[in-house]
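Chemist: Return a 3D structure for these sequence lines:
(one chain, ligands or ions: 1)
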Amino acid sequence: MTARSPEAAPLAEPVGDLLAHALAELGVTTAFGVISIHNMPILDAMARHNRIRFVPARSEAGAMNMADAFARVSRSLGVVITSTGTAAGNAAGSQLEALTAGSAVLHITSQIDRPYMDRDRAAIHDVPRQADMLRAISKAYFRAWEGRSAVAMLEAAARAALAAPRGPVSLEIPIDVQREKIPRPDHVGLAPIAPPSADPGRLDALAELVGRARRPMLWLGGGAREAGMAALDLAERGFAVVSSGNGRAVVPESHPRTLGAYNMTAEAPIYARADLMIVVGSRLRGNETHNNTMRLPRPLVQIDADAGQAARNYAVDLFIEADARSALDGLRERLPAKLDADEKFLADVAGARAQSQSKLAAALGPYRVVADALNARVKEDRHPFVRDVTLANSTFGNRYVELAAPHLGVHALGGGIGQGVAMAVGAALAGVPAKTIALLGDGGLMVNLGELATVAENRANIVFVLMNDRGYGVIRNIQDAQFGGRRHYTDLYTPDFKLLAAALGLQHQKVSRVDHFQAALDRALLARGSQIVEVDMQAIGRFAESFAGPPAGAAGSA
Ligand SMILES: Cc1ncc(C[n+]2csc(CCOP(=O)(O)OP(=O)(O)O)c2C)c(N)n1
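Modeler: Down below sits the predicted model:
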């Protein structure tokens, strides 16, 4: 917060400078992006002021993934700065991921000069309907029409990104607005963000439902990430727990009363016996509920900060519009210290999870060694753990390797390959002391190869565990299961990653015998700087059971 002294004459400054100043005043320490003619007034000012670390990514797609992961791991605002046109378009696929995951990202982009804007007059970098594109991929969209409103718009956009339910917000600032000179506003800051609190009558009704239940369950989604203490307390009082992929570790994943993220494999007997489920901040995604056909316990209660999500995927018996933490705290106030819960049911939750875990471990074949080695390190040493879509994650990375805390897990929830490379950069720069571990496939790495230069340039502290099967393993398996084994477009030219790493100055180890993996991982974790641990899957062999994605016709992450 800054205030100008009343006697000082207002000094006119370019809006680009005011925005760079305002971002720093809002507490932004790090921003990501690509410089271009249409954002230079902001980025030049940012460099001159030297208050914010600007990380030049090699593409806007990468920059957006970096800002997204930074937001998730730091639990604060992620900022990405792009230019208008192709540049903003490049960011779109990655912004979709931020939208899917409900990530607090501020996308500052640009527009051509106002006299040409929205008129399809073929100015350079013009996208006639850019605003439509941004609206489609944002929680909210703003445009600074005038220099005098630019800082207020920036504050509004940042606030919208951070308010529950969080999400990416786009702000367009036309280039002539960025150049306008106006006096610095008196104050910069965000008004307090008050979480929406629940209607007490509905909380009373919920407490009554819990009072009648003997086997109540909580389903925790990404919206419950900040409600960990309340959720853990409810588990201790007698609730069983399960999480979505985005709600992992809200309750510690090894707690005896949680199924963890084994939300489909362990479910059948448990869900059938539960006599109440409270879904907190979760979309009940298609790929985690067999496209909403999986039977969930009744009564089914939903708590969400967005009333627009009410009963969207399942009919519910009670909907409560509220922030997760305030709703669960309100419920705790109304419940006894210990519920009259069915102890046998609670004990069976631990058994069901253990069973799912060992079934999964057996399906991994030789890769169990990789899964166990990661599991031994990720949680214990509080490493940020970044994942995108590859066989290793669809099988063990997304549930077997436990996370230390919700914000330390970054997964490409929208199912995009390759985003993990850039997400690892954002995670590594988010202020967590432990090295970031990213579990990736070679197909994914090729999508964002350029960002390895960003890794090298910023000395980002990352171990990339690269599962190299020389192509698209997930898709090959689907070809085997559903397309007569015809391997079209999936056996791909793959570079020599050792040479590639050497060209970038990154350390590289290749693991061709799986029993060497643990030692290689530990060496990489102990060493300084970025490392690639390449697992040669062709030398090591196949999983014991093939992962072929979700059943044909169902939504999934393949
Ligand atoms: C952006 C995007 N394009 C295409 C796909 C389809 N797809 C899913 S998995 C996959 C293969 C990924 O290859 P790799 O990273 O090597 O992992 P692997 O499947 O070999 O384990 C592809 C192309 C996708 N999910 N996302």
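Chemist: Going by C-alpha atoms from here, please, whenever you check contacts or count neighbours.
Modeler: Will do.
Chemist: Over to Val349. Which of the three states is it?
Modeler: For Val349, the secondary structure call by DSSP: H, G, I helix; E, B strand; the rest coil comes out as helix.
Chemist: now Val410
Modeler: Using three-state DSSP, the structure places Val410 in strand.
Chemist: That one reaches Val389, doesn't it?
Modeler: No - the criterion here is C-alpha atoms under 8 Å, and Val410 misses it with Val389 at 11.8 Å.
Chemist: Which strands or helices does the host helix or strand of Ala156 pack on?
Modeler: Following DSSP states H and E, the helix or strand that holds Ala156 is helix 150-162. Contact analysis of helix 150-162 by 3 or more C-alpha pairs under 8 Å, 6 or more residues apart in numbering; DSSP states H and E lists helix 15-25, strand 105-111, strand 140-143, strand 169-174 as its packing neighbours.
Chemist: With mean pLDDT and distance to the ligand as new columns, can these be given to me in a markdown table?
Modeler: Converted to a markdown table, those look like this (pLDDT from 0 to 100; distance: least, C-alpha to the nearest ligand atom, whole Å):
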| stretch | mean pLDDT | distance to the ligand |
| --- | --- | --- |
| helix 15-25 | 98 | 31 |
| strand 105-111 | 98 | 20 |
| strand 140-143 | 98 | 24 |
| strand 169-174 | 98 | 21 |
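Chemist: quick one: which of the ones you listed is nearest Ala235?
Modeler: strand 105-111 (31.6 Å; C-alpha to C-alpha).
Chemist: And the contacts of that closest one?
Modeler: Outside of strand 105-111, the residues that reach it under the criterion C-alpha atoms under 8 Å, 6 or more residues apart in numbering are 38-39, 64, 67-68, 71, 77-85, 88, 98, 117, 126, 157-158, 161, 167-175.
Chemist: rerun that using 7 Å as the cut-off
Modeler: Around strand 105-111, the neighbours that count as contacts under C-alpha atoms under 7 Å, 6 or more residues apart in numbering are 38-39, 67-68, 71, 77-84, 88, 117, 157-158, 161, 167-175.
Chemist: Would you point out the helix or strand in the chain whose mean pLDDT is lowest?
Modeler: With mean pLDDT, DSSP states H and E as the measure, the helix or strand of the chain carrying the lowest mean pLDDT is helix 267-273 (a mean of 88).
Chemist: hmm, back to that, between the helices and strands packed on helix 150-162, which one is closest to Ala373.
Modeler: Each of the helices and strands packed on helix 150-162 has some distance to Ala373 by C-alpha to C-alpha; the shortest is strand 105-111, at 32.7 Å.
Chemist: Could you export that closest one as CSV, CA atoms only?
Modeler: C-alpha atoms of strand 105-111 as CSV (Å, rounded to 0.1, in the frame of the first residue of the first chain):
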residue,chain,number,x,y,z
VAL,A,105,-3.5,-16.8,-12.4
LEU,A,106,-3.5,-13.3,-13.6
HIS,A,107,-3.0,-13.2,-17.4
ILE,A,108,-2.0,-9.7,-18.4
THR,A,109,-2.2,-9.5,-22.1
SER,A,110,-2.4,-6.7,-24.6
GLN,A,111,-4.4,-5.3,-27.5
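Chemist: for that strand, which positions count as buried?
Modeler: Residues of strand 105-111 classed as buried under the neighbour-count rule (16 or more other C-alpha atoms under 10 Å) are Val105, Leu106, His107, Ile108, Thr109, Ser110, Gln111.
Chemist: Report the beta-bridge partner residues of the first one.
Modeler: By that I understand Val105. For Val105, the beta-bridge assignment (DSSP bridges) gives partners Gly78.
Chemist: the helices in the stretch 351-500 of the chain, which residues?
Modeler: Across the stretch 351-500 of the chain, reading from the start of the chain, the helices by DSSP state H, counting those that start in this stretch fall at 368-378, 391-392, 419-428, 442-447, 451-457, 473-482, 497-504.
Chemist: Pick the most buried one from the ones you listed.
Modeler: Between the helices of the stretch 351-500 of the chain, helix 419-428 has the highest mean count of neighbours, a mean of 32, where neighbours are mean count of other C-alpha atoms under 10 Å.
Chemist: Around the ligand, pick out the residues from the protein.
Modeler: Neighbours of the ligand within the chain, by C-alpha under 6 Å from any ligand atom: 389-391, 415-417, 441-444, 469, 471-475, 558.
Chemist: can you rerun that using 5 Å?
Modeler: Residues of the chain found near the ligand, taking C-alpha under 5 Å from any ligand atom as the criterion, are 390-391, 415-417, 441-444, 472-474, 558.
Chemist: what's the spacing between the nearest residue to Asp323 once chain neighbours are set aside and Gly102?
Modeler: Nearest-residue entry for Asp323: Ala305, 4.9 Å, with adjacent residues in sequence omitted and distances by C-alpha to C-alpha, 6 or more residues apart in numbering. Distance, Ala305 to Gly102, using C-alpha to C-alpha, to the nearest Å: 12 Å.
Chemist: what's near enough to touch Ala281?
Modeler: Just so we're on the same page, residue 281 is Gly rather than Ala. Residues in contact with Gly281 (C-alpha under 7 Å, 6+ apart) are Leu220, Gly221, Gly222, Gly223, Ala224, Ile303, Asp304, Ala324.
Chemist: at 10 Å instead, please
Modeler: For Gly281, the set of contacting residues under the criterion of C-alpha atoms under 10 Å, 6 or more residues apart in numbering consists of 165, 219-225, 227, 244, 246-247, 302-306, 309, 322-325.
Chemist: Tell me the pLDDT of it.
Modeler: With respect to pLDDT, Gly281 scores 98.
Chemist: Quick check, Ala131 in contact with Ile173.
Modeler: No - using C-alpha atoms under 10 Å, Ala131 is not in contact with Ile173, being 11.4 Å away.
Chemist: so what sits against both of these two?
Modeler: Where contact means C-alpha under 10 Å, 6+ apart, the residues bridging Ala131 and Ile173 through contact with each are Gln111, Phe142, Arg143.
Chemist: any idea which of these is closest to Gly16?
Modeler: For Gly16, the nearest member of these is Gln111. The distance, counting by C-alpha to C-alpha, is 13.5 Å.
Chemist: Leaving out chain neighbours, which residue sits closest to that closest one?
Modeler: Excluding its sequence neighbours, the residue lying closest to Gln111 (C-alpha to C-alpha, 6+ apart) is Pro174, at 4.0 Å.
Chemist: gap between the one you found and Gly330?
Modeler: In this structure, Pro174 and Gly330 are 45 Å apart, going by C-alpha to C-alpha.
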